[in-house]
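Asks: show me how the following folds:
(one chain, ligands or ions: 1)
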Amino acid sequence: MSELHTDERREEEIRQGESELYPPPQHVLETAHVSAEDYARYRKEGTENPVKFWEDRAREMVDWFEPWEKAFDDSNAPFYKWFVGAKTNIVYNALDRHVKTWRRNKIALIWEGEPGDRRVFSYYRLWQEVNRFANILKGMGVKKGDRVTIYMGRVPELPIAMLATAKIGAIHSVVYGGFSVEALAERIQDAQSKVLITADGGWMRGKIVRLKDIADEAVKRSPVVEQMIVVKRTGHEVNMEVGRDFWLHELQQLPIANGTCETEVMDAEDPLFILYTSGTTGKPKGVLHTHGGYQVGIATTLKWAFDLKDEDRWWCAADPGWITGHSYIVYGPLILGVTSFMYEGAPNYPYPDRWWRMIEHYGISVLYTAPTAIRGLMRFGDAWPKRHDLSSLRLLGTVGEPINPEAWRWYYRVIGGERCPIIDTWWQTETGNFMITPLPVTPLKPGSATFPFPGIVADVVRDNGEPADPGEDGYLVIKHPWPGMARTIYGDPDRYVRQYWSKFAEQKWYLTGDSARKDEDGYFWIIGRMDDVIKVAGYRLGTAEIESALVSHPAVAEAAVIGVPDEVKGNVIYAYVILQAGYEAKPELEDELKKHVRHELGPIAVPAKIEVVDKLPKTRSGKIMRRVLRAKAMGQPVGDLSTLAD
Ligand code: PRX
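Replies: Numbering: from 1, shown residues only. Alright, predicted model coming up:
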C-alpha cells in the first residue's frame with residue numbers, strides 16, 4: 001500500500017464542486033420510489049441495524065424457494081455469510097417468475113448492433129433463449145459448480161449465456177471482449193473452465209474484432225478447455241476444430257435444446273460467478289459472488305438509486321464483461337422487470353451522435369455511463385447532442401472513476417437538460433453493488449458520490465483507524481458487512497483476507513483500496529486508488545499485469561508501469577523498460593512493444609508511451625518507486641529519495 005497522496009488535479013476538482021449544490025427537481029420529489037423522508041429514515045435504520053435493514057429488503061425485492069434460518073453469520077469472519085439456509089436461484093428472480101405474470105410480454109431487452117441491426121426480446125423470449133442455451137450446456141455435461149468462461153462482444157448471447165450458466169447452477173467467468181490472448185488464457189486456467197463460449201467476432205468502430213482467433217490462441221496456452229460454443233456474429237471465416245468447436249445456431253437445432261430447463265435450486269451462499277479484476281500485486285484475482293445476497297444488493301440499489309419503474313427504458317452503457325454489466329445490465333434490471341437497452345459498438349461510430357441518436361430513437365429514460373465516455377463525447381461539442389431530442393431522459397448516472405465538475409456540469413446541462421439528477425455511484429467489483437451514491441432526492445455536489453447507500457456503513461479513517469476530520473484524506477473503509485459483498489478470491493482465500501481484511505483486522509473493517517475525504521456536510525469525495533491499480537478510461541488495470549506482458553517480450557529485461565493523468569481517459573499508462581543486452585532503443589521498438597501488449601492483454605492495456613531507461617528507481621528491498629517515475633513523467637520534483645537504493 002503506498003502513501004496517502006492527494007493528486008493536485010482532484011484537489012482542484014473538489015474545491016470547485018464543494019461550493020455548488022443542486023437540489024432535486026420537482027418531478028423527482030413527486031414521483032421517486034424513495035422520498036426524502038424515507039431516505040433519511042432508511043439511512044438511520046440501515047446504519048443502526050444493517051442486518052435488519054437488509055433482511056427487510058431480502059423479503060421485499062426477491063423471491064426465495066425456502067427462507068433463511070439466519071440472516072447474517074459472522075462466525076467465520078471475514079468469510080461472512082448472508083441468508084444462511086435459504087434456497088434460491090437468481091435466474092428464478094430474473095426470468096422464471098416474470099414469465100408467470102403479465103411481464104412475459106414486456107420487453108426485457110432491446111439491442112442494437114454497431115452496423116445498425118436490431119433485436120428485441122420480450123421476457124418470454126429471453127426466458128426461452130436461456131432455456132435453450134441451458135439445455136445445450138447440460139447436454140455438454142456442464143454441472144452445478146462447474147466453471148464456464150464466456151468471451152464475447154456486446155451481443156444478446158452474452159447475457160443469455162450468463163443466465164443459462166447460472167440457471168443450471170454452474171459458475172460463469174466472463175472475460176471482457178476487449179481483452180486478448182494472455183488475459184483470456186490466464187483466466188481460463190485459473191478457473192479451470194472446460195467449456196468456453198465465444199463468438200466468431202464482434203463489431204467495433206466498423207472493424208471486426210477476431211474473437212475466435214484470440215480464443216484459439218488462448219486455449220492453446222490453457223488446454224483445459226474441451227468444448228467451445230461459437231456464436232456467429234460477424235460471419236467471417238474462422239477455424240472450427242472438429243470435435244471441440246460447435247456453432248451455437250447448429251446446437252440450437254438439436255433436439256436436446258428444446259423444452260424448459262429446470263432451474264437448479266441453489267443455496268443462498270452457492271457461487272454465482274467469478275469475475276477477474278486487478279489487484280495490488282501479481283495476477284488478476286477471481287472475485288467470487290453468490291446467488292443469495294448479491295441479488296438482494298443489486299435489486300435494492302438499482303431500484304432506489306435509479307428509481308426504476310415499469311415505464312422506464314434503462315441503458316447501462318457498460319460492458320456485461322465488467323461488474324457494472326453483471327449487476328446492472330444483466331441481473332439487476334431483469335430482477336426488477338425493467339426494459340433495458342444494450343448497444344454493441346463504439347459511442348462515436350459512425351458519427352459522434354450515435355448515442356444521442358439511439359437515446360432519441362428508443363426513448364431512453366435513464367442513462368448510466370462512465371466519466372471517460374462523457375468527457376470523450378463532450379470533446380465533440382454541444383452541436384451533436386443538440387441535434388437530438390433527449391427529453392425522454394429523466395435520470396443520469398456515472399461510475400468507474402471520479403467525475404470532474406466540468407464534465408458533470410456538461411452532462412447535467414447539455415444531456416440532462418438541467419432536469420436530470422446525476423447519480424454518481426461509487427463501488428467496486430468486490431462490493432457487488434453501489435455503496436456510496438445519491439438517490440434521486442439527494443441534493444448533489446458535482447464530483448461527489450454524496451452518501452453511503454442505506455445499510456452500508458462507510459467511513460474515512462486515518463492509518464490508525466481514528467476517523468479522519470472533515471477535509472482530511474484517509475482510507476475509505478466499510479465498517480459492516482453487506483449482502484452483495486464478494487465472498488472470497490477464487491482458489492485463494494488467504495489473498496482475500498490479506499488484501500481486504502488485514503489492514504484493519506482488529507476492527508473487522510473492509511479496506512476498499514481507495515482514499516477519500518468527507519466535507520463539512522458529510523459528503524464523500526473519492527480521491528482514487530492507493531495501490532498499484534490504475535484506472536484507464538474507467539477500466540481497472542494492474543501495473544503487474546502490464547509489466548509482465550512487457551517482460552514477456554524478448555527485448556525487455558525489466559519494466560515499470562505508472563498511471564499519468566489524462567484529460568479524457570482519467571489516466572493513461574506510461575511504461576519504463578530496461579532492454580536485454582543486445583537490443584537497442586529504436587522508435588520501431590516502441591511500436592513493437594505496444595503491439596505486443598495489445599496482442600497479450602488487449603487494446604485497453606496499451607501504454608500511451610514506452611520509454612527505454614538504464615535503471616529503475618527502487619527501494620532497498622527492490623520495490624519500484626512509482627512515485628518517482630510519476631514525478632518524472634509529469635516533470636515535477638521527485639521529492640524525498642532517502643529510501644532509494646541507488
Ligand atoms: O477507485 C474506485 C473506482 O473504481 C474502483 C473499482 O473498480 P472496478 O472494480 O473496476 O469497478 C468499477 C465499477 C464499479 C474503485 O476502487 N470508482 C468506481 N466508481 C467510482 C470510482 N471512483 C470515483 N467515483 C466513482 N463513482
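Asks: got a list of what Asp389 touches?
Replies: The neighbourhood of Asp389, defined by Cβ atoms under 8 Å, 6 or more residues apart in numbering, consists of Glu360. (Each C-beta comes from the backbone N, C-alpha and C, glycine too.)
Asks: and the strands in the stretch 151-300 of the chain?
Replies: All strands of the stretch 151-300 of the chain, identified by DSSP state E, counting those that start in this stretch, fall at 171-176, 195-199, 202-204, 207-209, 227-231, 245-247, 266-267, 271-277, 285-290.
Asks: correction: the previous question concerned the stretch 401-550 of the chain.
Replies: Using DSSP E, counting those that start in this stretch, strands in the stretch 401-550 of the chain cover 422-425, 458-461, 474-478, 488-489, 510-518, 524-529, 533-536, 539-542.
Asks: pretty sure Val91 contacts Glu262?
Replies: No - counting by Cβ atoms under 8 Å, Val91 does not reach Glu262; the two are 10.9 Å apart.
Asks: would you tell me what the next helix or strand after whichever strand or helix holds Asp591 is?
Replies: According to DSSP states H and E, Asp591 maps onto helix 587-600. The element immediately downstream of helix 587-600 (helix or strand, assigned by DSSP H and E) is strand 609-612.
Asks: A helix includes Gly397, no?
Replies: No - according to DSSP: H, G, I helix; E, B strand; the rest coil, Gly397 belongs to no helix; its state is strand.
Asks: ok, it - how many residues close by?
Replies: 27 (other Cβ atoms under 10 Å).
Asks: now do Glu48
Replies: 10.
Asks: quick one: pLDDT of it?
Replies: Note for Glu48: predicted pLDDT of 97.
Asks: mind checking how far it is from Ile436?
Replies: 18 Å (Cβ to Cβ, to the nearest Å).
Asks: compare Val91 and Glu262 (neighbour count), which wins?
Replies: Val91 (30 against 12).
Asks: ok so the more buried one is a helix residue?
Replies: Yes - according to three-state DSSP, Val91 belongs to a helix.
Asks: need the per-residue pLDDT for it.
Replies: With respect to pLDDT, Val91 has a value of 99.
Asks: list the contacts for it?
Replies: For Val91, the contacting residues are 130, 163, 166-167, 263, by Cβ under 8 Å, 6+ apart.
Asks: leaving out the residues flanking it, which one is nearest to it?
Replies: Distances taken as Cβ to Cβ, 6 or more residues apart in numbering place Lys167 nearest to Val91, at 4.4 Å, with adjacent residues excluded.
Asks: got the residues of the stretch 201-350 of the chain near the ligand?
Replies: 277, 323-324 (Cβ under 6 Å from any ligand atom).
Asks: tally of neighbours for Glu66?
Replies: 12.
Asks: next, it: phi, psi?
Replies: Reported as degrees, to the nearest 10, the phi and psi values for Glu66 are phi -140, psi 140.
Asks: also Glu237?
Replies: Dihedral pair for Glu237: phi -60, psi 130, per degrees, to the nearest 10.
Asks: before we move on, back to that, show me what the helix holding Asp591 is packed against.
Replies: On a contact count with 3 or more Cβ pairs under 8 Å, 6 or more residues apart in numbering; DSSP states H and E, helix 587-600 meets helix 181-191, helix 543-551, strand 570-579, strand 609-612.
Asks: for the stretch 1-150 of the chain, what are the low-confidence residue spans?
Replies: 1-6 (pLDDT under 70).
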